[in-house]
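1. Everything below, folded, please.
(one chain, ligands or ions: 2)
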Amino acid sequence: MSLSSTILGYPRVGRKRELKKAVEAYWAGRSDAAGLKEAEAELRKANLARLVELGLDRDGSALPENSSLYDQVLDITFLLGAVPERFRGLGGLDQYFALARGNAEVFPLEMTKWFDTNYHYLVPEIGPDTPISLKNTDLVDRFTEAKSWGYLTRPVIVGPVTYLALSKGETEGYDPLDRLEDVVAVYEQLLTAFKAAGAEWVEIDETAVVSDNLSASRDGIIAKVEQVWTHLLSSSNRPHVLLAAPYGDSTKAFPALFRTGAEAIAIDLDRGTLPSADDLAGINNLSSRTLVAGVVDGRNIWATDLNKAKDLLEQAKDLGFTVKVGTSTSLQHVPHDTDLENWADPELNENLHDWLAFADQKIEEVVILDRGLTEGWDAIADELSKNADILTRRAATAGVAVDAVRERVAALTEADRTRGDYAEREAAQEARLNLPPLPTTTIGSFPQTTEIRTSRAAHARGEIDDATYEDRMKEEIERVIRLQEELDIDVLVHGEAERNDMVQYFAELLDGFAVTKHGWVQSYGSRCTRPSILWGDVAKSGDISVPWWSFAQSVTNRPVKGMLTGPVTIIAWSFVRKDISLGQVADQIALALRDEVADLEKAGAAIIQVDEPALRELLPLEQSKHADYLEWSVGSFRAATAGVDKATQIHTHLCYSDFGQIIDAIAGLDADVTSIEAARSAMEVLPDLNDHGFSHGVGPGVWDIHSPRVPSTEEIAGLLRLAVDSVDPRILWVNPDCGLKTRGYDETVASLKNLVTAAKQVREEL
Ligand code: GLN
Ligand code: ZN
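-> Ligands and ions are numbered 1, 2, ... in the order given. Model (predicted):
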């Protein structure tokens, strides 16, 4: 049975974030396991009905079943029973959610970003003795349940090689891929179970084949995928398999994927390219295999250029494949439906409506292209010309290309990206700031209390006026300043009370962005974000941070840091236009920030921090693209910050990652002080920085703010002593791992007290 045109996965949160609400109600004890199951099943059913309504076939191949209560990688961990010792006393949902979130006794699995997206998965911990067997039938049960509703679905499952390539060793140096045989044995049983349940097709995502950024080598991963799937597919007791290589260029992997004998292969034609005739030499009988051509971008929100997609589909056909239309990735990274927005709202640029395709619109695109493919392109001539029209009109819309912005970016010189000699800067800043050794500071945000959130929501709804809102925020800022003075912190922050989110706040104030009201996407578990839409040329057109900063500085004699979000992070956490290069977009944002930096400096800020926590996240999956990325990303940071006087101290902050691959780039930012996540890895980053001759100020985090645990003075002092032993104490700063907005006040005050005491102790020992 052949495969129909399809999408690789559908958003899981629900149009009204039903999943989030159901799961959070369960956690809060407002519903029980049965209630959660019921709500989740209802959402799944509604999603399937929607897929059919939008035109996907019901034939057992086209409807993806990629639902999950929390995360698709966690689902495999749970299926395999591959849980670390500390969770083994638990069972059922208690165990499932403890793995995800921890509980009073156990800390959860680590969370990390899924390839180069902003989605986080839970990292399996695998050791030589981790139990691995078919532990439950949840995935098959979901299939069977959907079947009972009248939908024959195509279960979507993370592949065994990818699962282990994304795992970490239970102990340092252990390679989880050593357990591949055990995992494969379970997949064999799983395929048999799906077959018995009546599944016609399953989709296996072996995404690891597109990445050079994993600890296992890409060639090794590709070889393992070929070996494992050749074996699994040799059985006849299984459904047909769609072997998917989404999220990047699979050209390197293509021959191996093909040789496995999978009935269908899905590739990403947004980031990747079609294999060439040479790549396919020696592979026979192409027409007996289906190629799902991922011509619709699954992780951005722009309407597809249908004419371009048509050409790609024709080229794929010319290579000899049986071609079907697909998406480049699962649609879990985009919101449900543009029709949920109120396009009459003056805050939304109404032009945008036509330019956008959220998940449901992408399905419509797949269906249209499929019609063209099967009935001939004339059958969709109207759609093709309407689409071409929209794209032409878009290019000519005011704000899309602003001459002044383009000219300014084009005129950027190396000098604009270069600050003076560091030794001179250091001396000038020392004289101006006069700080003690091991100065203490925080990363920016203080806890976002219920009062702050309530005021912001009321202000957004127009229930309180600007002046009242401003007063409340100022009260909060003053409170946070007083608290930091009492704690005796050296360099203060205003606390970011006025910011809903470190990217959206800037998107709302800069030209070139739009923000949606319902455009939620899953970030992890029940957490959703609403990425802003960067559609036009970016520029600063009014106040951003200066009034808040000025107020904060006016109530204290200690230095208060100006606080901005850097270009790469703004790009990483928004939906970004694709009609110009990311490097150009980054430079536009950089110049807008450069203006803001200048305004802060003029207002008297002695220290300005520009956060780039997402610098590592956007690192391309392919090694060959790293150098170019690092050049434009580092270049944009420098363009944003290099305009200041030598006595103005530039800080930056990085987190969420293993920094190994980007240490040189971090040094290349040329910030005067870099605060960096380090507590969880016991200062591991310091020797790395040392090896690279890092000589500027550095603040390795000494408090892991991801948990409510309060670190003791001894613990923090211990970390500081490690730091003092590995780098010159003259460059050391003392700070937490990241901002405090998700923490409560009790643990924040207690932890900061210990942090300051520890800094003073170690200062004495210098
Ligand atoms: N300044 C930001 C904050 O403190 C940085 C957040 C981040 O690194 N993610 O919240
Ligand atoms: Zn951070």
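2. dump the residue contacts of the residue in the stretch 651-766 of the chain positioned nearest to ligand 1.
-> Of all residues in the stretch 651-766 of the chain, Gly739 sits closest to ligand 1, at 2.0 Å by CB to the nearest ligand atom. Bear in mind the C-beta positions are built from the backbone N, C-alpha and C, glycine included. By CB atoms under 8 Å, 6 or more residues apart in numbering, Gly739 lies in contact with 442-445, 496, 502, 705.
3. Buried members of those into ChimeraX, please.
-> A single ChimeraX command is used to select the members of these judged buried by 16 or more other CB atoms under 10 Å:
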select :442,443,444,445,496,502,705
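4. Check the contacts of Gly739 against Arg482 and report the nearest one.
-> Thr442 (14.5 Å; CB to CB).
5. from memory the closest one sits against Val493, does it?
-> Yes - under the criterion of CB atoms under 8 Å, Thr442 makes contact with Val493 at 5.5 Å.
6. before we move on, the earlier item: where does the residue of the stretch 651-766 of the chain closest to ligand 1 land in three-state SS?
-> Here Gly739 is recorded as coil under DSSP: H, G, I helix; E, B strand; the rest coil.
7. contacting residues around the residue of the stretch 301-450 of the chain found nearest ligand 1?
-> Across the stretch 301-450 of the chain, the shortest distance to ligand 1 (CB to the nearest ligand atom) belongs to Gly444, at 2.7 Å. Gly444 makes contacts with 493, 495-496, 561, 563, 609, 611, 653, 739, as judged by CB under 8 Å, 6+ apart.
8. Out of these, the closest to Leu177 would be?
-> His653 (33.9 Å).
9. which residues touch the closest one?
-> Each residue near His653 by CB under 8 Å, 6+ apart is listed here: 443-444, 609, 611-613, 674-676, 738.
10. ditto for Leu621
-> 115-116, 210-213, 247-248.
11. what does the chain have sitting close to ligand 2?
-> The chain comes close to ligand 2 at residues 613, 655, 738, as judged by CB under 5 Å from the ion.
12. for the second one, phi and psi?
-> This points to Cys655. Dihedral angles of Cys655 (phi, psi; degrees, to the nearest 10) stand at phi -150, psi -170.
13. Would you check that it makes contact with Pro736?
-> No - here Cys655 does not reach Pro736: they are 10.1 Å apart, not a contact under CB under 8 Å.
14. Need the residues touching each of the two.
-> Gly701.
15. ok so, going back, any idea which of the contacts of His653 is closest to ligand 2?
-> If you rank those by distance to ligand 2 using CB to the ion, Cys738 comes first, at 3.2 Å.
16. How much space separates the closest one from Ala759?
-> 18 Å (CB to CB, to the nearest Å).
17. so what pLDDT did His706 get?
-> We have a pLDDT of 80 for His706.
18. Tell me if it really is in a helix.
-> No - counting by three-state DSSP, His706 falls outside a helix, being coil.
19. For it, give me its contacts.
-> By CB under 8 Å, 6+ apart, the contact set of His706 is 680, 737-738.
20. quick one, phi/psi of it?
-> According to degrees, to the nearest 10, His706 has phi -80, psi -10.
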